[in-house]
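K.L.:
Coordinates for the following, if possible.
(one chain, ligands or ions: 1)
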Amino acid sequence: MDEPTLPASIEELISQLTTLQLDRNQRHSNERISRRSLSKSDRARVLEKTTKRCHICGGPIDLRWQADHVLAHSNGGQHSVENFLPAHNLCNNYRWDYSQEEFQWILKLGVWVRTQIVKRTLLGRQLAEHFFAYEVRRQARRRKA
Ligand SMILES: [Zn+2]
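P.N.:
Sure thing, here's the model as predicted:
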């Protein structure tokens, strides 16, 4: 699959995104496999695969990072060094275990929203305002916790 197929209507797009989210939640609830942690030498092998760079954003990895499943555990990915790549905690937490199609939609939506903001369209301004308020609330919640 090169690119997700654009549904015929907005309602179908919303329905498809909702279905992808529900499918992911179902995979999660089906998953009850314990996750053993990687040994120190396994983690070193994972980190060297990308010469100490995050496989998601490409940025250098300093201290804190996560071993990210390339094929998500909930999609049948193995818990072995071969199926891991290093990722920043932030990148990995946002990447989560979306299916390929859902992640591609998120990237497309995110890039489109970013473009609206940079082009300073009315919609872009509204999206930026809502996103900013959301982030302020989210970060305040995190500080309390
Ligand atoms: Zn990253």
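K.L.:
Now do the helix or strand encompassing residue 108: which elements does it pack against?
P.N.:
Per DSSP states H and E: residue 108 is located in helix 100-118. If you count contacts as 3 or more CB pairs under 8 Å, 6 or more residues apart in numbering; DSSP states H and E, helix 100-118 packs onto helix 10-30, helix 122-144. Glycine gets a C-beta too; all of them are placed from N, C-alpha and C.
K.L.:
try it again with 10 Å
P.N.:
Helix 100-118 is packed against helix 10-30, helix 89-95, helix 122-144, with contacts defined by 3 or more CB pairs under 10 Å, 6 or more residues apart in numbering; DSSP states H and E.
K.L.:
Which residues does that helix contact?
P.N.:
1-6, 13, 16-17, 19-21, 23-24, 71-72, 75, 94-99, 121-129, 131 (CB atoms under 10 Å, 6 or more residues apart in numbering).
K.L.:
Could you check how far the residue nearest to the spatial centre of the chain is from residue 79?
P.N.:
Central residue of the chain (CA atoms, centre = their mean): residue 95, 1.2 Å from the mean position. According to CB to CB, to the nearest Å, residue 95 and residue 79 sit 17 Å apart.
K.L.:
Check which residues of stretch 20-28 are buried.
P.N.:
Residues of stretch 20-28 classed as buried: 20, 24, 27 (neighbour count, 16 or more other CB atoms under 10 Å).
K.L.:
average model confidence for it?
P.N.:
Stretch 20-28 carries an average pLDDT of 81.
K.L.:
Extract the C-alpha trace of it and format it as CSV.
P.N.:
Once non-C-alpha atoms are left out, stretch 20-28 reads as follows in CSV (Å, rounded to 0.1, in the frame of the first residue of the first chain):
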residue,chain,number,x,y,z
LEU,A,20,-9.1,2.4,12.1
GLN,A,21,-9.2,3.8,15.7
LEU,A,22,-11.7,1.1,16.8
ASP,A,23,-9.7,-1.6,15.1
ARG,A,24,-6.6,-0.5,17.0
ASN,A,25,-8.4,-0.4,20.3
GLN,A,26,-9.6,-3.9,19.6
ARG,A,27,-6.1,-5.1,18.9
HIS,A,28,-5.1,-3.5,22.2
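K.L.:
Excluding its own residues, what touches it? List them.
P.N.:
4, 72-76, 96-99, 101-103, 105-106.
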